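Trainee: Generate coordinates for the sequence data below:
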Amino acid sequence: MAQLPDNYVSPEALEKGHQPHTESAFGLTLFLIFFGLAALIIHAGIWFLLRAYGSMPRSADQPLSQVNLKEQFVSPQLQPSQDHPYLPREDLLNLRARENRLFLHMGWAINLQTGEAVIPHRIVEQLPRSHRSPAQQAQPQPGANRP
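Mentor: Predicted coordinates:
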């Protein structure tokens, strides 16, 4: 029996439309080797670039505030101090005295036992009338204006 070449295709196969294999395994192997080497070189290059760029400061990492973050806060001004020689309880008594003077000026009364401001009755009586709708204000109240 005679030896056929590797790229031999029978005439019947050609008639049916089969194409002969013209690629060789050597070319495919060479392509895969170069493809793998290129991928290895690209990945190594990207890894070295990321290592180099990762240690560099970025403008996006800077704080948005202009306040120096390493600056220490000043200690709080505790009372009494040179600028404010009053104790907190004295400040509260002065605040309540100012409020009481304001309420007395507006015509309110101060309950001497509790120190609370008492709303005058004329203001309490005006509240329901001031919160009625115009339609309710036009209607006469039942029992109102009876002789």
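
Trainee: Where does pLDDT dip in this protein?
Mentor: Residue ranges of the chain with pLDDT under 70: 1-2, 4-7, 19-23, 63, 67-73, 133-147.

Trainee: let's go with 50 and repeat that
Mentor: For the chain, the stretches with pLDDT under 50 are 147.

Trainee: Next, please give the residue ranges for the helices of it.
Mentor: Here the chain has its helices, by DSSP state H, at 11-15, 25-54, 88-106, 121-130, 134-138.

Trainee: Most tightly packed of these?
Mentor: helix 88-106 (a mean of 11; mean count of other C-beta atoms under 10 Å). Every residue, glycine included, has its C-beta placed from N, CA and C.

Trainee: then that helix to CSV, C-alphas only?
Mentor: Extracted in CSV, the C-alpha atoms of helix 88-106 (Å, rounded to 0.1, in the frame of the first residue of the first chain):
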residue,chain,number,x,y,z
PRO,A,88,-23.8,78.6,85.6
ARG,A,89,-26.5,78.9,88.3
GLU,A,90,-26.1,82.7,88.3
ASP,A,91,-26.4,82.7,84.5
LEU,A,92,-29.7,80.7,84.8
LEU,A,93,-31.1,83.1,87.4
ASN,A,94,-30.2,86.1,85.2
LEU,A,95,-31.9,84.4,82.2
ARG,A,96,-35.1,83.7,84.1
ALA,A,97,-35.1,87.3,85.5
ARG,A,98,-34.8,88.7,82.0
GLU,A,99,-37.6,86.4,80.8
ASN,A,100,-39.9,87.4,83.7
ARG,A,101,-39.3,91.1,82.9
LEU,A,102,-40.2,90.5,79.3
PHE,A,103,-43.4,88.6,80.3
LEU,A,104,-44.4,91.4,82.7
HIS,A,105,-43.8,94.0,80.0
MET,A,106,-46.2,92.0,77.7
